[in-house]
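Undergrad: sequence isn't available, so here's the structure alone:
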């Protein structure tokens, strides 16, 4: 194959090189990176990019590693390519972080490349992963357990901040202008073709003996598992690569669905917590439920690399079947806690915001038969938004279609003639009772109703009650009194509506709030 032309086609198709950019190249001195450096040196002029080589000495292989660093510096000097060489004691750092040497080396290597890119105002970092690396990566993810994001393998174009390098500063995502692209020009080129290219062009790459050390997981895959799989299917490498491409396309479609769903299922979001609307979350297909929960974990823990499948599915079991107060344990101290209407993803010990419903503070409020007024907010600032109440009287025939099964818990339709006495909003009082609609006019203590309706105890004292004289007309958001309900003889209807003051909350709340005031 014409390897240079093949890489050029990948560059064109994936738009890997940006005119005017300085591309930082991770160069180990092995066949892959040396081939990449040699090819991009030929393409740099056509794409108007500059190259800057970067070599990291991991402090692992002693004199051999010293020779690697010297070799990279010398060959870059002979090709007139700027080169930066740095050394890090990876074994010591691995002990400090409590990680395997492989993972620590990965974190340190990408952090080094990112820092160098920022130093030179580069928008792109290039690494020399090849098609065989892709096969190994997909199989590693499969064996360890992964979702579609892992099974799609590496992509020719990605973002460096998505690598989750265990850096606490990565908990705060960079701005779009600060993001650094990660490009892999050789990802569709086999290791055999790369080695053939090096030989044909007189390149003499360094050989890393650790590539033969089968104590490393990836090396065992390369030298044991993949040759074994080839006894079942000689084309297993091509099969795995094609499968990764198919999964990558499916993943992109699912990602689009996730992005479209996120604003509807997420009630509130901050750096500390993500609050899901429980009814909406429960109504999603299982695939989107998993994606929404994984996305929440990643947004709160951007440095977290792997999310165990069992954690996610255990949490979703609780979402589907759990009761209020049930808690699911997730990675890095995160908990998913169920409320009556919400599921809150946050760090253990997080002070939960109250759920989004109207509350009444202070003295009773007179309510006009036609007009609107704002509800005063409490001093605690727990409300997600401010609320207003609107009243109006309409003719019976003007009722909207389907009003009998009113799905909006914050709209009440009551008989206007029966509400001739002064209307007030007030809080509960000792001895309060009413006749809940749907219970054949039977009386029930307000206290008992609130317990049965699972209204949180700390919220019961601020639930607004619409009263006519001394009688309860409506427990706002929960139930109308049967004595005031619209009946066959009703001619005029009093419509009472509570709504949020924020523009985004003007839409009906029924889709998000499962209670009905029948």
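TA: Received the coordinates, thanks. As the structure is a prediction and not an experimental result, all values here were calculated from the model.
Undergrad: what are the boundaries of the strands in the stretch 1-150 of the chain?
TA: 22-26, 50-57, 83-87, 124-126 (DSSP state E, counting those that start in this stretch).
Undergrad: and the longest one, which strands flank it?
TA: Partner strands and pairing direction for strand 50-57 (DSSP bridges) are strand 22-26 (parallel), strand 83-87 (parallel).
Undergrad: buried residues, that strand. List them.
TA: Residues of strand 50-57 classed as buried by neighbour count (16 or more other C-beta atoms under 10 Å): 51-57. (C-beta placed from N, C-alpha, C; glycine too.)
Undergrad: could you do stretch 454-463 as well?
TA: 455, 462-463.
Undergrad: mean confidence score for it?
TA: For stretch 454-463, mean pLDDT rounds to 79.
Undergrad: quick one, what contacts residue 151?
TA: By C-beta atoms under 8 Å, 6 or more residues apart in numbering, the contact list for residue 151 reads 138, 141-142, 243-244, 247.
Undergrad: now, the most widely separated pair of those?
TA: 141 and 243 (11.7 Å; C-beta to C-beta).
Undergrad: which one's more surrounded, the two?
TA: residue 141 (19 against 16; other C-beta atoms under 10 Å).
Undergrad: which residue sits closest to the more buried one, ignoring its sequence neighbours?
TA: residue 150 (3.6 Å; C-beta to C-beta, 6 or more residues apart in numbering).
Undergrad: the one you found: how many residues sit nearby?
TA: Residue 150 has 19 nearby residues by other C-beta under 10 Å.
Undergrad: wait, it touches residue 244, no?
TA: No. With contact defined as C-beta atoms under 8 Å, residue 150 does not count as touching residue 244 (10.0 Å).
Undergrad: in this structure, which residue is closest to the centre?
TA: For the chain, the residue nearest the mean C-alpha position is residue 295 (1.8 Å; C-alpha atoms, centre = their mean).
Undergrad: can you tell me how far residue 487 is from residue 397?
TA: 15 Å (C-beta to C-beta, to the nearest Å).
Undergrad: ok, residue 152 next?
TA: 58 Å.
Undergrad: what packs against the helix or strand bottoming out on mean pLDDT in the chain?
TA: Confidence across the helices and strands of the chain bottoms out at strand 266-269, with a mean of 83, counting by mean pLDDT, DSSP states H and E. Applying 3 or more C-beta pairs under 8 Å, 6 or more residues apart in numbering; DSSP states H and E, one finds that strand 266-269 contacts strand 273-277, helix 286-300.
Undergrad: how about those, which one is nearest residue 11?
TA: So among the helices and strands packed on strand 266-269, helix 286-300 is nearest, using C-beta to C-beta, at 29.4 Å.
Undergrad: touching the closest one from outside, list them.
TA: 147, 164, 254-255, 257-258, 261-262, 265-266, 269, 271-274, 276, 281, 284, 304, 307, 312-313, 315-316, 319, 330-331, 334, 336, 345-347.
Undergrad: any of those residues buried? List them.
TA: 147, 164, 254, 258, 261-262, 265-266, 269, 273-274, 276, 281, 284, 304, 307, 312, 315-316, 319, 330, 334, 336, 345-346.
Undergrad: out of the residues you listed, which sit inside helices?
TA: 254, 258, 261-262, 265, 281, 312, 315-316, 319 (DSSP state H).
Undergrad: domains for this structure, by residue range?
TA: 3-129+184-232, 263-347, 365-505 (automatic domain parsing).
Undergrad: next, format these as JSON lines and append distance to residue 357.
TA: Shown next, in JSON lines, are those (distance: least, C-beta to C-beta, whole Å):
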{"stretch": "domain 3-129+184-232", "distance to residue 357": "45"}
{"stretch": "domain 263-347", "distance to residue 357": "8"}
{"stretch": "domain 365-505", "distance to residue 357": "6"}
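Undergrad: just the helices in the stretch 301-450 of the chain please.
TA: 309-321, 446-452 (DSSP state H, counting those that start in this stretch).
Undergrad: export these as a markdown table, with columns for distance to residue 492.
TA: Converted to a markdown table, those look like this (distance: least, C-beta to C-beta, whole Å):
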| stretch | distance to residue 492 |
| --- | --- |
| helix 309-321 | 44 |
| helix 446-452 | 27 |
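Undergrad: which one of the ones you listed lies nearest to residue 113?
TA: helix 309-321 (30.1 Å).
Undergrad: what's the following helix or strand after the host helix or strand of residue 196?
TA: Per DSSP states H and E: residue 196 is located in helix 191-200. Next in sequence after helix 191-200, counting helices and strands by DSSP H and E, comes helix 217-220.
Undergrad: buried set for that next one?
TA: Within helix 217-220, judged by 16+ other C-beta under 10 Å, the buried ones are residue 219.
Undergrad: could you do stretch 113-124 as well?
TA: Neighbour-count burial for stretch 113-124, counted by 16+ other C-beta under 10 Å, picks out 113-114, 116-117, 122-124.
Undergrad: which one of those is nearest to residue 358?
TA: Out of these, the member with the shortest distance to residue 358 (by C-beta to C-beta) is residue 114, at 47.8 Å.
Undergrad: out of the helices and strands packed on strand 266-269, deepest packed?
TA: Mean neighbour count (mean count of other C-beta atoms under 10 Å) peaks for strand 273-277 among the helices and strands packed on strand 266-269, with a mean of 24.
Undergrad: that one: how far from the chain's middle?
TA: 11 Å (C-alpha atoms, centre = their mean, to the nearest Å).
Undergrad: give me the angle between it and helix 309-321.
TA: 40 degrees (axes from the mean of the first three to the mean of the last three C-alpha atoms, to 10 degrees).
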